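> coordinates only, sequence not included:
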Ligand SMILES: [Ca+2]
Ligand SMILES: [Ca+2]
Ligand SMILES: [Ca+2]
């Protein structure tokens, strides 16, 4: 009896130690290549944060993937109580995934959330099947999100991965929503004889009430197609609008090769599941793709040959980090916690690279993407945002932290 109790205590101790080893953040320093810039921690203690949005200066809303809690970071302090707690299914890549603030906020105090909604009213993890991947509109009342209204109901099975989940308003005032292929093989995955369009592997473009704008690229096709802006997308955790051209860019996640960054024109077909990466690396060509009238296939503007799992992306529409970075594209990755910087060309439809081995727009090795590394050690980046202060904010799902990149303060000489 005594031995059994002791045995249990030892077992518990070992469980605790193993748990600590498993979850204790490694002391990885965040580093930046530019010695004129520095990294600071804004807040810690978040649980698996996926995305964030500013609702004011020093006022950030952050989503937690697995418990469906919407947290508020006010003046650098994590508020103890969530501003909302929704019932999510959190299996694999499911959970509380995306946030968008209405472009007229706060006059129009709408906040949109994308999450995998559980079917029990409590948080679940794969069973029973969730209700769907859904976008809801809420009203911000100054301290909480209230008045839940369904805007978009998307599929969730089989998944459980490739749920996408990033949502964002464009400069056109439309709501863009990305969902991955959920491991389906239909026409939207470029199987012409497969099941018809089923709201997977697409970027949707919607009015702020969830209806389809009549200037969408496939609006004349009717049915589900009228909501789509792009298709043939495997999965994505990043969308950003160029502040100069207004055009949409998105990151896309390859299976084990060819992560992509794409300029997403209206009617874009990214090629999955027939092509990942540039067409010239694909033996089949583009003849076997599913062609919706008004669609066009185009190659990625950049690919990592070996996948890094790119996630959040943002254009730095600010000179606060120096004029040389204004309107450059920043992209985070999940696998290594690397922050990448891409310089755009004069026509802003591609990137400028120094290494001649990048002339093929594919980083075939780490040496080839070396010049793109802006910072390291961020431990699984999930989101990037430019704050109202013009600084660059990073969200780390592994560290459970928000970081900010700012100029190193100028040291005045002592007199
Ligand atoms: Ca919850
Ligand atoms: Ca593609
Ligand atoms: Ca190359």
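Looks like it came in fine. What you see is a predicted model, and the numbers here were worked out from it, not measured in a lab. Ligands and ions are numbered 1, 2, ... in the order given.
> show me the contacts for whichever residue of the chain sits closest to ligand 2.
Of all residues in the chain, residue 270 sits closest to ligand 2, at 3.6 Å by CB to the ion. (Each C-beta comes from the backbone N, C-alpha and C, glycine too.) By CB atoms under 8 Å, 6 or more residues apart in numbering, residue 270 lies in contact with 230, 231, 232, 233, 234, 252, 260, 262, 297, 300.
> ok, now which ones touch whichever residue of the chain sits closest to ligand 1?
When you check the chain against ligand 1 by CB to the ion, the closest residue turns out to be residue 68, at 3.2 Å. Listed by CB under 8 Å, 6+ apart, the contact set of residue 68 reads 85, 86, 87, 88, 90, 95, 96, 115, 123.
> 10 Å instead, please
82, 84-90, 95-96, 113, 115-118, 122-123 (CB atoms under 10 Å, 6 or more residues apart in numbering).
> Then residue 195?
With CB under 10 Å, 6+ apart, residue 195 has these contacts: 184, 185, 186, 187, 188, 189.
> pLDDT weak spots in the stretch 201-350 of the chain?
Within the stretch 201-350 of the chain, not a single segment meets pLDDT under 70.
> My error: substitute the stretch 51-200 of the chain in the last question.
Applying pLDDT under 70 to the stretch 51-200 of the chain picks out no residues at all.
> Strands of that one, residue ranges please.
Ranges of strands within the stretch 51-200 of the chain are 59-64, 69-74, 77-78, 84-85, 96-101, 110-117, 132-140, 145-154, 167-169, 175-179, based on DSSP state E, counting those that start in this stretch.
> so which of these is the most packed in?
Stretch with highest mean neighbour count among the strands of the stretch 51-200 of the chain: strand 175-179 (a mean of 27; mean count of other CB atoms under 10 Å).
> The helix or strand just after that strand pairs with which strands?
Moving toward the C-terminus from strand 175-179, the next helix or strand (DSSP states H and E) is strand 202-206. With DSSP bridges as the criterion, the sheet partners recorded for strand 202-206 are strand 175-179 (antiparallel), strand 228-231 (antiparallel).
> Reformat those as TSV; add distance to ligand 3.
Converted to TSV, the strands paired with strand 202-206 look like this (distance: least, CB to the ion, whole Å):
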stretch	distance to ligand 3
strand 175-179	27
strand 228-231	25
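> Buried ones among the contacts of residue 195?
Those of the contacts of residue 195 that meet the buried threshold are 184, 186, 187, 188, 189, by 16 or more other CB atoms under 10 Å.
> in terms of contact, does the second one touch residue 272 like I think?
What that stands for is residue 186. No. Look at residue 186 against residue 272 with CB atoms under 10 Å: they stay out of range, at 11.6 Å.
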